[in-house]
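A.B. asks: missing the sequence, but the structure's below:
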């Protein structure tokens with residue numbers, strides 16, 4: 001057995017364990033970084049000193065000791081969890097040296113169709129992750145099972161199913177048979193060890209190969225400096241350090257939610273300062289104000305940078321489009337599939353740029369044949385009456401009315417987000433489908449749980465990006481490739 005000290009890859013210690021620990025089947029670290037182990041025949045938990053390999057203490061589940069084929073150990077909520085190859089979970093409070101402790105037993109039912117090997121704890125989500133080593137049917141899938149360990153019991157959260165071929169191909173093997181699993185506490189990624197294939201695989205919580213995500217070429221069409229310059233000239237104060245810190249705090253709280261099912265209406269309704277007044281006003285007053293020519297003035301008060309974007313006497317819009325267009329052109333200059341993600345006002349900018357690249361003579365020819373494989377819009381105001389009347393191409397007819405360089409368009413809108421109060425775009429842009437300028441337009445509704453400065457902010461980009469629905473859309477797109 002070997003261990004590394006202080007995360008120094010060159011500082012390893014190795015020692016030989018006592019004979020009684022020849023068949024260790026699981027290791028786990030406690031929150032205070034003590035190392036626990038279990039062998040594969042008896043429910044005896046050993047605490048090991050990873051400085052010299054000696055046994056500090058041991059305690060047993062039950063009296064007499066429970067016997068089974070144990071294949072994993074985890075520590076969650078100050079309790080010790082053991083897993084058997086046929087899907088049984090045993091849980092007990094840690095005991096003192098030489099003691100026999102009382103335990104509870106749960107049957108997950110996974111043993112009916114899987115041989116399990118590997119148990120890990122995701123402390124951020126308060127869940128246990130069980131790995132299927134070998135499916136009893138030939139389904140050619142890697143299966144991870146997630147269980148909540150809250151409220152004094154266990155509850156099935158979800159199954160993460162990954163096509164085996166997407167992993168096996170990367171390690172030059174036909175199959176992948178996990179023999180251990182751990183959670184990276186910094187990223188939440190699932191780290192799988194497959195002894196039979198001599199491989200280590202990293203997956204995101206949604207089952208995407210981390211190499212796929214981290215291996216993507218990412219570009220940002222950044223124009224924040226242009227917007228900030230305008231806002232400062234307009235007399236608006238912007239404290240960058242405070243704003244970034246508040247966003248970081250919002251993200252930290254959102255990450256702690258963990259469970260997919262918790263991103264729902266019950267938690268949303270409990271957010272501080274939650275109100276639907278802005279969206280209600282946009283729904284009711286927007287069309288009336290638009291018909292009177294007043295909606296632009298209202299939008300300019302709420303989002304002055306968007307008002308300036310529509311100011312024909314300013315070069316604000318052209319400067320911003322130049323930034324976004326450069327990023328899109330660079331990303332699509334090749335054979336790689338491209339996903340474009342835009343939020344809020346950025347959706348209007350992205351739409352205008354995509355229209356230019358499809359129809360404007362200045363850009364159309366060099367961009368010919370290039371496509372955005374998936375356009376993902378978050379909190380898009382494109383369905384708003386005022387916004388839709390000011391999109392580039394609005395005065396054109398036929399194919400020149402819309403962009404023709406999008407394969408799939410997925411639109412996500414949050415409850416009470418006044419910017420996307422018209423939350424369905426499939427109906428507004430159905431002509432693109434009829435003219436075969438896009439393969440699909442799909443709308444999704446979510447609850448944005450972000451809190452900024454102590455108040456609910458359903459328009460927050462942070463809340464959109466971390467939502468399970470957005471993660472699923474990106475995850476599925478990555479796996480298609």
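C.D. replies: Okay, I see it. In this text the structure is predicted, and so the values were computed from the model without any measurement.
A.B. asks: Wasn't residue 443 part of a strand?
C.D. replies: Yes. Under DSSP: H, G, I helix; E, B strand; the rest coil, residue 443 falls within a strand.
A.B. asks: Could you tell me which ranges of the stretch 201-350 of the chain sit under the pLDDT cut-off?
C.D. replies: 211-212, 214-215, 258-259, 275-302 (pLDDT under 70).
A.B. asks: That one: strands as residue ranges?
C.D. replies: Taking DSSP state E, counting those that start in this stretch, the strands of the stretch 201-350 of the chain run over residues 339-343.
A.B. asks: Residue 103 is in contact with residue 61, isn't it?
C.D. replies: Yes. Taking contacts as Cβ atoms under 8 Å, residue 103 lies within contact range of residue 61: 4.5 Å. Every residue, glycine included, has its C-beta placed from N, CA and C.
A.B. asks: More neighbours: which of the two?
C.D. replies: residue 61 (25 against 19; other Cβ atoms under 10 Å).
A.B. asks: if we can go back for a sec, any residues in contact with both of residue 103 and residue 61?
C.D. replies: Counting by Cβ atoms under 8 Å, 6 or more residues apart in numbering, the contacts common to residue 103 and residue 61 are 43, 90, 92.
A.B. asks: Could you list which of those belong to strands?
C.D. replies: 90, 92 (DSSP state E).
A.B. asks: you'd agree residue 378 is up against residue 345?
C.D. replies: No. Proximity of residue 378 to residue 345 does not meet the contact threshold set by Cβ under 8 Å, at 11.3 Å.
A.B. asks: More neighbours: these two, which one.
C.D. replies: A direct count of neighbours by other Cβ under 10 Å for residue 378 and residue 345 places residue 378 higher, at 29 against 21.
A.B. asks: beta partners for that one?
C.D. replies: Counting by DSSP bridges, residue 378 forms beta bridges with residue 343, residue 412.
A.B. asks: what do you get for residue 119?
C.D. replies: residue 130.
A.B. asks: what's it in contact with, if anything?
C.D. replies: By Cβ under 8 Å, 6+ apart, the contact set of residue 119 is 26, 71-74, 81-83, 128-131, 181.
A.B. asks: Keep only those of those that are in strands.
C.D. replies: Reading strands off these with DSSP E, I get 26, 71-74, 81-83, 128-131, 181.
A.B. asks: need the helices for the stretch 251-400 of the chain, in chain order.
C.D. replies: Applying DSSP state H, counting those that start in this stretch to the stretch 251-400 of the chain gives helices spanning 265-268, 277-292, 295-302, 304-309, 316-331, 345-359, 361-367, 385-389.
A.B. asks: Now name the helix or strand holding residue 161.
C.D. replies: In the assignment (DSSP states H and E), residue 161 maps to strand 155-163.
A.B. asks: Run the chain-centre distance for that strand.
C.D. replies: 15 Å (Cα atoms, centre = their mean, to the nearest Å).
A.B. asks: list the helices and strands it packs on?
C.D. replies: Strand 155-163 is packed against strand 141-148, with contacts defined by 3 or more Cβ pairs under 8 Å, 6 or more residues apart in numbering; DSSP states H and E.
A.B. asks: Check the offset of the strand it packs on from the chain's centre.
C.D. replies: For strand 141-148, the distance to the chain centre is 17 Å (Cα atoms, centre = their mean).
A.B. asks: buried stuff in it?
C.D. replies: For strand 141-148, the neighbour count (16 or more other Cβ atoms under 10 Å) marks 142-148 as buried.
A.B. asks: Next: stretch 453-464.
C.D. replies: The neighbour-count criterion (16+ other Cβ under 10 Å) identifies 456-464 as the buried residues of stretch 453-464.
A.B. asks: Need the distance between the two termini of that stretch.
C.D. replies: Using Cα to Cα, to the nearest Å, the end-to-end distance of stretch 453-464 comes out at 17 Å.
A.B. asks: Give me the contact list for it.
C.D. replies: 246-247, 250-251, 254, 268, 271-275, 279, 343-344, 378-379, 412, 414-419, 446-452, 470.
A.B. asks: 7 Å instead, please
C.D. replies: 246-247, 250-251, 254, 271-274, 343-344, 378-379, 412, 414-417, 419, 448-452, 470 (Cβ atoms under 7 Å, 6 or more residues apart in numbering).
A.B. asks: partners of residue 83 in the sheet?
C.D. replies: residue 72, residue 89.
A.B. asks: between the contacts of residue 119, which is closest to residue 388?
C.D. replies: residue 129 (45.1 Å; Cβ to Cβ).
A.B. asks: For the nearest residue to that closest one once chain neighbours are set aside, the count of nearby residues, please.
C.D. replies: Nearest residue to residue 129 in three dimensions, chain neighbours excluded: residue 120, at 4.7 Å (Cβ to Cβ, 6 or more residues apart in numbering). Residue neighbour count, defined by other Cβ under 10 Å, stands at 25 for residue 120.
A.B. asks: check contacts around residue 120.
C.D. replies: When contacts are counted by Cβ under 7 Å, 6+ apart, residue 120 touches 74, 129, 181-183.
A.B. asks: Relative to residue 260, how far out is it?
C.D. replies: Counting by Cβ to Cβ, to the nearest Å, the separation of residue 120 from residue 260 is 18 Å.
A.B. asks: of the contacts of stretch 453-464, buried ones?
C.D. replies: The buried subset of these (16+ other Cβ under 10 Å) comprises 246, 250-251, 254, 271, 343-344, 378-379, 412, 414-417, 419, 448-452, 470.
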